[in-house]
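Peer 1: Here's a sequence, model it:
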Amino acid sequence: MAGPKTMNTVKSLLARFTAGEFDIHSASEAAFKSHWLGIPSDSNPFEAAFHGGLLADRLAWVFLAAYQGAIRDCFNGLPKRAWVSFAVSEDRSGKVPGTKIDEQRRLSGTKTWVAAVDHVDYLIVTPGLSVAHGCLLIEANSPEVLLTARQPADFLSDMSQGSATFNQFPLLAEHTITDHTAQHFGLAEAFFVLVAGCGFLLKETGRMHATTLQDRLIKHLQDLEQCYAGNYKGDGNLLLALYETGSNIGRECAALVLNAETSNQDWRANGKLLGMYGRSLRNNVNRP
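Peer 2: Residues are numbered from 1 along each chain as shown. Now for the predicted structure:
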């Protein structure tokens, strides 16, 4: 939960942004991870996501900053100086076996989507497709784990993506995560994309000299702080309203950038990141 420390830290980050401290270029995922690792380890998920957004120079890094924030908000006690991927997806066609645990408590099978597969340190894995089956924390470099990168996707192509195959990974009690709200991860991802997006959009509006839009962003960030200080997962209507505000600001910023920089491929290919969660949030609000 946020408190005075969060408010002071965010204000400090805003002051550092105003002083021009976040004019940072990360030409690769490895370079961005190096910058991300410089975020203070005692930052809470909100602070870290906003800080990561300020470090980002492209939308793929915004997603990664948000993703790490969402994971840490839903899973307590994770290693601090590490990238973690939440691996749930499996091949529904049956061609690639999904994950299961055998009688000797060994995990086998494949998770078909792993974010930042080239630089991930830990995997949170669900045996099967549901968090109801439990969540396991596994070191990505374990000998029984094979990480496979695929060709860059059209969307967020700067972020490495791939799969994880487990070959009779021996499970111990220490691998089980008991303190989590994994069932709300979809809400968390949408929320933290807004938070990390604020950092990135502040830099983009500054670059475009869009002072009025920047003022709206700061007000939006303050509203997000207040929502985080309460319970953003518990008020679907408030979260949806905040999301629509953030998405509208993102669209206005995209229009400014693309009007001035018609060949800006990052915004053309990845701008939908800031507006792609609306349908799921609306479905969450309307769910009986």
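
Peer 1: Mind listing the strands the host helix or strand of Thr165 pairs with, and their directions?
Peer 2: Taking DSSP states H and E as the definition, Thr165 sits inside strand 161-170. If you go by DSSP bridges, strand 161-170 pairs up with strand 106-115 (antiparallel), strand 145-149 (antiparallel).

Peer 1: Tell me which of those sits most buried.
Peer 2: strand 106-115 (a mean of 20; mean count of other C-beta atoms under 10 Å). All C-beta atoms are positioned from the backbone trio N, CA, C, and that covers glycine.

Peer 1: Just give me how far that one sits from the chain centre.
Peer 2: Per C-alpha atoms, centre = their mean, to the nearest Å, the displacement of strand 106-115 from the mean C-alpha position of its chain is 19 Å.

Peer 1: same deal with stretch 108-119?
Peer 2: On C-alpha atoms, centre = their mean, the centre of stretch 108-119 falls 15 Å from the chain's centre.

Peer 1: quick revisit: just put the strands paired with strand 161-170 in JSON lines and tack on distance to Asn76 and mean pLDDT.
Peer 2: As requested, those are exported to JSON lines (distance: least, C-beta to C-beta, whole Å; pLDDT from 0 to 100):
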{"stretch": "strand 106-115", "distance to Asn76": "20", "mean pLDDT": "98"}
{"stretch": "strand 145-149", "distance to Asn76": "23", "mean pLDDT": "98"}
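
Peer 1: low-scoring pLDDT stretches of the stretch 151-288 of the chain, where are they?
Peer 2: Residue ranges of the stretch 151-288 of the chain with pLDDT under 70: 288.

Peer 1: hey, where'd the strands end up in it?
Peer 2: Assigned by DSSP state E, counting those that start in this stretch, the strands in the stretch 151-288 of the chain fall at 161-170, 176-177.

Peer 1: Tell me which residues of the first one come out buried.
Peer 2: It stands for strand 161-170. Gln161, Gly162, Ser163, Ala164, Thr165, Phe166, Phe169 (16 or more other C-beta atoms under 10 Å).

Peer 1: ok, which stretches of the protein are helices?
Peer 2: In the chain, the segments counted as helices under DSSP state H are 4-18, 29-36, 45-55, 59-74, 185-207, 211-229, 236-260, 265-270, 278-286.

Peer 1: thinking again about what came up before, need the residues that contact the strand holding Thr165.
Peer 2: 87, 99, 102, 104-118, 123, 125, 138, 140, 142, 144-150, 152-153 (C-beta atoms under 8 Å, 6 or more residues apart in numbering).

Peer 1: what's the spacing between it and its chain's center?
Peer 2: The answer for strand 161-170 is 21 Å, by C-alpha atoms, centre = their mean.

Peer 1: Can I get the strands of the stretch 151-288 of the chain in CSV including distance to Gly199?
Peer 2: Below are these laid out as CSV (distance: least, C-beta to C-beta, whole Å):
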stretch, distance to Gly199
strand 161-170, 23
strand 176-177, 28
